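A.B. asks: Pasting the sequence and the predicted coordinates here, then a few questions.
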Amino acid sequence: MKKNIVFYLKCISLLLLFIGCKKEIKNQSLKNNAQIKPPKGMVWVAGKTFLKGAKATDTYAMPREKPSHMVTVDGFFIDATEITNTQFKAFVDATNYITIAERKIDWNVMKNQVPEGTPKPHDSILQPGSLIFNKKVNAVVSMDNYMQWWTWKIGANWKHPSGPTSTIEGKDNFPVVHIALEDALAYCKWANRRLPTEAEWEAAALGNNKNTIYTWGNDESILNANANTWQGVFPVKNESKDGFEFISPVKSYPPNSIGIYDMLGNVWELTSDLFHVNYYKELNTSSPILNPKGAKKSYSPSNPYQVEYVMKGGSFLCHASYCASFRISAKMGVAVDSGSDHMGFRTVASLEMISKN
């Protein structure tokens, strides 16, 4: 019996030693990972717990941004800028990828995203293209009808952002646009990256700040010095007080406190979260929320037939009189197959993704 007890105690000691060694190896591994040099063009965002959603003093906050709630995210790397035309061209050159905006339109697919009984448009309309902002709007009857300032342009795509006669020549350092979710995911797969979750995006936008409305703090008066948005009368007249009438090159404005550019304004940015207008209201906040990945399904009463994903940050078209989406908590939904001349993306990478690479 004594021998059995001694043997048992020895086994326990060995087991504890083994566990201790494993723990030490794991800690050492984490320590080594933490010393990984950021990939070129990326910034490290330290893990943090923060208030996600509308801030108490934000007078522009919309119902879908409320109620705010505490979340925790692990650390990750994020692109310092939106993906540029140069970066996307490298991907296309390497893979011969064809974006959704360049592909033939399949009515059998499209008809499932519109009300039943919608007549098929003429074949002359069902041509590859994308949405562009109508720069010739003279007056608006109702701000509820956004089609007054949006136009379907046949031949518009990432290489021809304003239509078939336009070009990205000389715009290497501009954000790539007319990118749908599928296009962004294809780029991510090629580049060993992924799209950020909405929580990661907000954590990156905050930088070293805590619970601020904007990436630079709470002072709206310096918006024009920090973000490419609309000034004047939307959508009729843009006074370009921020230096740009429409889209601008990346790094045209100061970075946030950890070195990330253009998180607000310029172009909307895709995330990996499904868009659900009631997600925050239905969220269970009774226990800690770690690395949230968004709603389990998409829901938007304005687009009930389409699956939509969250896009963040606003664009050069954002104005206080309309969407005021030049705020960290702001978000809108975008259909999985939709692109436009004011929507792009940036990518993220976890320590595990980088260490494997």
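C.D. replies: That came in fine, so what should we check first? Numbering: from 1, shown residues only.
A.B. asks: how about A191, what does it touch?
C.D. replies: Residues near A191 by CB atoms under 8 Å, 6 or more residues apart in numbering: 91, 347. The C-beta positions use only the backbone N, C-alpha and C, and glycine is treated the same way.
A.B. asks: Now it: phi and psi?
C.D. replies: phi -90, psi 0 (degrees, to the nearest 10).
A.B. asks: Then L181?
C.D. replies: Torsion angles, degrees, to the nearest 10, at L181: phi -50, psi -50.
A.B. asks: Leaving out chain neighbours, which residue sits closest to it?
C.D. replies: V336 (4.6 Å; CB to CB, 6 or more residues apart in numbering).
A.B. asks: what sits against that neighbour?
C.D. replies: Here V336 is in contact with 180-182, 306-309 (criterion: CB under 8 Å, 6+ apart).
A.B. asks: Buried members of those into ChimeraX, please.
C.D. replies: Selection command for ChimeraX covering only the buried members of those, criterion 16 or more other CB atoms under 10 Å:
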select :180,181,306,307,308,309
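A.B. asks: Which stretches in the chain count as helices?
C.D. replies: 2-34, 85-95, 107-110, 181-191, 198-206, 223-226, 279-282, 351-356 (DSSP state H).
A.B. asks: Could you check how far the residue nearest to A184 when sequence neighbours are not counted is from Y97?
C.D. replies: Nearest residue to A184, sequence neighbours excluded (CB to CB, 6+ apart): F345, at 4.4 Å. Distance of F345 to Y97, computed by CB to CB, to the nearest Å: 14 Å.
A.B. asks: Who has more neighbours out of those two?
C.D. replies: It is F345, of F345 and Y97, that has more neighbours when counted by other CB atoms under 10 Å, with 27 against 14.
A.B. asks: and the more buried one, what does it touch?
C.D. replies: Contacts of F345 by CB under 8 Å, 6+ apart are 82-83, 179, 184, 187, 195, 269-270.
A.B. asks: repeat that for 6 Å
C.D. replies: 83, 179, 184, 269-270 (CB atoms under 6 Å, 6 or more residues apart in numbering).
A.B. asks: okay, it: pLDDT?
C.D. replies: You'll see F345 listed with a pLDDT of 98.
A.B. asks: Equivalent analysis for K10, please.
C.D. replies: The predicted local confidence for K10 is 40.
A.B. asks: just K159 next, same as before
C.D. replies: 98.
A.B. asks: can you tell me which residues contact it?
C.D. replies: Contacts of K159 by CB under 6 Å, 6+ apart are I168.
A.B. asks: can you give me the strands in this protein?
C.D. replies: 42-45, 48-52, 69-73, 76-79, 129-133, 150-154, 232-233, 237-238, 268-274, 308-312, 331-335, 343-344, 348-349 (DSSP state E).
A.B. asks: right, so these: which one is the most enclosed?
C.D. replies: Mean neighbour count (mean count of other CB atoms under 10 Å) peaks for strand 343-344 among the strands of the chain, with a mean of 29.
A.B. asks: Name the residues that touch that strand?
C.D. replies: Counting by CB under 6 Å, 6+ apart, 82, 175-177, 179, 267-268 sit against strand 343-344.
A.B. asks: Flag every buried residue along stretch 240-251.
C.D. replies: Those would be 242, 244, 246-250, for stretch 240-251 by 16+ other CB under 10 Å.
A.B. asks: For the residue nearest to A184, give me phi and psi.
C.D. replies: phi -170, psi 160.
A.B. asks: Would you mind measuring from it to N209?
C.D. replies: Separation of F345 from N209 (CB to CB): 23 Å.
A.B. asks: per-domain residue ranges of this protein.
C.D. replies: Split into domains by automatic domain parsing, the chain comes to 1-35, 41-356.
A.B. asks: weakest of those domains by average pLDDT?
C.D. replies: Looking at the domains of the chain, the bottom one is domain 1-35 with a mean of 38.
A.B. asks: picking up where we left off before, and the residue nearest to L181, how far is that from E82?
C.D. replies: With CB to CB as the criterion, V336 and E82 are 19 Å apart.
A.B. asks: How about E200?
C.D. replies: 15 Å.
A.B. asks: what do you get for H69?
C.D. replies: 27 Å.
A.B. asks: returning to that earlier point: winner for burial among the domains of the chain?
C.D. replies: Taking mean count of other CB under 10 Å, domain 41-356 is the most buried of the domains of the chain, at a mean of 18.
A.B. asks: what about that domain, how long is it end to end?
C.D. replies: When the termini of domain 41-356 are compared using CA to CA, to the nearest Å, they are 18 Å apart.
A.B. asks: how far does it sit from the chain's center?
C.D. replies: Its chain's average C-alpha position is 5 Å from that of domain 41-356, according to CA atoms, centre = their mean, to the nearest Å.
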